[in-house]
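# Kindly generate the corresponding structure for this input.
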Amino acid sequence: MDGIPYEDRDARISLWDRSVRMGLGLRGRFLCRKGSFFALDEQLEQLQNTAKELGMPFVWEPAATKEALASTYDINDFDGEEALLELILTAGAEPIGDEKEGSAAGGEESPKKEKKDAEEKIFAHPALAILAEKVLRTERPPIRMKLLRDSDLSAATVLRERCLLGQTTTALARTRAGGGGILLGTDGNVVACTEGEFFAVSNGNLWAPEAPVATVERTIALELLGDLERPCTVRTVGPKELNGVSECFVLTDRWEVVPVGAIGKAVIGGGKAGPVAAVLAADLLKKLWTKAKAPF
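Residues are numbered from 1 along each chain as shown. Purely as a prediction, here's the structure:
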């Protein structure tokens, strides 16, 4: 936390922190193996830009953040195995109106120390916490998705909110869909997916819907697909086209390929993972690590 390793029983975030009280915080997931990270610079920049959009302070320099991620991998003794590091940026807490002035209630001035103590209970600096887990890649069962038509669920908001903690628009959309949600824009076309980057196959061709925000996952996935000589066409996709796909899958921020077995009442590929998704799940991972590099 803040670059200092703590035992799990000692790693604490203030109860006054807005990440605890209101779920206001950001998270980014980073893959590491043998001291090398995949797309570290790109994902850090994406997280910083999201924090800026939301007005959240990101006071740590990239070098310090990279060092904290690298040291977290080292102290967990992963022995060169693949690990997922989840970086959590809390929003901190400022002294709040009535609570800040509560010590002066009754018309009498409180001693300076008492007032300072009261403010310290409320104030909390933003924290940078990193959680680490060994990645155990297993075959993911197909998920069911649902089409969502709602003017409040803008694609740009959903893509941005994938980084947010708490009850976000994305989380609420996922709940409404009973799993994953495919969002349709105001023009009725597919614009986003709550679970990650959406890809599909029809007539032997791999394609992805146009999106208003180019996430790191999407940009790198398209690049890797090109390297694997599996070109992916990015185009406008209407909801009726989803009924004719032979298979579809989602690339998550954990860099996992998750097959989609059904969209609404329409079963995709017999409800099983398709051949393209199965091959990409293995090939993308191999290609991914050829592009990994040390943080410094």
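# Now do the buried residues in stretch 74-86.
For stretch 74-86, burial by neighbour count (16 or more other CB atoms under 10 Å) applies to 76, 78, 82-86. For glycine as for every other residue, the C-beta is placed from the backbone atoms N, C-alpha and C.
# Kindly report the domain assignment for the chain.
Residue ranges for the domains of the chain, per automatic domain parsing: 18-91+126-134, 143-290.
# Adding mean pLDDT and distance to Y6, write those domains out as a markdown table.
Formatted as a markdown table, these follow (pLDDT from 0 to 100; distance: least, CB to CB, whole Å):
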| stretch | mean pLDDT | distance to Y6 |
| --- | --- | --- |
| domain 18-91+126-134 | 88 | 9 |
| domain 143-290 | 84 | 20 |
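# Tabulate those domains (a markdown table), appending distance to D10.
Shown next, in a markdown table, are the domains of the chain (distance: least, CB to CB, whole Å):
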| stretch | distance to D10 |
| --- | --- |
| domain 18-91+126-134 | 12 |
| domain 143-290 | 21 |
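# To A11, which of the ones you listed lies closest?
Relative to A11, the nearest member of these by CB to CB is domain 18-91+126-134, separated by 6.9 Å.
# now do the same end-to-end measure for that closest one.
The straight-line separation of the ends of domain 18-91+126-134 (CA to CA, to the nearest Å) is 29 Å.
# and what of stretch 18-31?
27 Å.
# try stretch 27-38
Per CA to CA, stretch 27-38 runs 16 Å from first to last residue.
# Go through it and flag the buried ones.
For stretch 27-38, by 16+ other CB under 10 Å, it's 27-33, 36-38.
# cool, stretch 201-217 as well?
By 16+ other CB under 10 Å, the buried positions in stretch 201-217 come out as 201-202, 206-209, 211, 215-217.
# From the chain's centroid, how far away is it?
Relative to its chain's centre, stretch 201-217 lies at 18 Å (CA atoms, centre = their mean, to the nearest Å).
# Where does E86 fall, secondary structure wise?
strand 83-90 (DSSP states H and E).
# okay, that strand in CSV with CA atoms only?
This file holds the C-alpha atoms of strand 83-90, laid out as CSV (Å, rounded to 0.1, in the frame of the first residue of the first chain):
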residue,chain,number,x,y,z
ALA,A,83,0.1,-13.3,-11.7
LEU,A,84,-2.6,-10.7,-11.8
LEU,A,85,-2.0,-7.6,-9.8
GLU,A,86,-5.0,-5.5,-9.1
LEU,A,87,-4.2,-1.8,-8.4
ILE,A,88,-6.9,0.0,-6.4
LEU,A,89,-6.9,3.8,-6.2
THR,A,90,-9.1,5.0,-3.4
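# tell me which strands and helices it is in contact with?
Packing partners of strand 83-90 (3 or more CB pairs under 8 Å, 6 or more residues apart in numbering; DSSP states H and E): helix 18-21, strand 25-33, helix 40-53, helix 62-75, strand 128-134.
# Now with 7 Å, please.
Contacts defined by 3 or more CB pairs under 7 Å, 6 or more residues apart in numbering; DSSP states H and E place strand 83-90 against strand 25-33, helix 62-75, strand 128-134.
# Any idea which of the ones you listed gets closest to G264?
strand 25-33 (28.7 Å).
# Could you figure out how far that closest one is turned away from strand 83-90?
On the basis of axes from the mean of the first three to the mean of the last three CA atoms, to 10 degrees, strand 25-33 is oriented at 160 degrees to strand 83-90.
# Please enumerate residues in contact with strand 25-33?
Contact with strand 25-33 is made by 19, 37-38, 40, 43, 47, 50-51, 56, 69, 73, 80-91, 163-165, 253-255, 289, 292, as judged by CB atoms under 7 Å, 6 or more residues apart in numbering.
# Would you list the buried entries among the residues you listed?
19, 37-38, 40, 43, 47, 50-51, 56, 69, 73, 82-91, 163-165, 253, 255, 292.
# All set, thanks.
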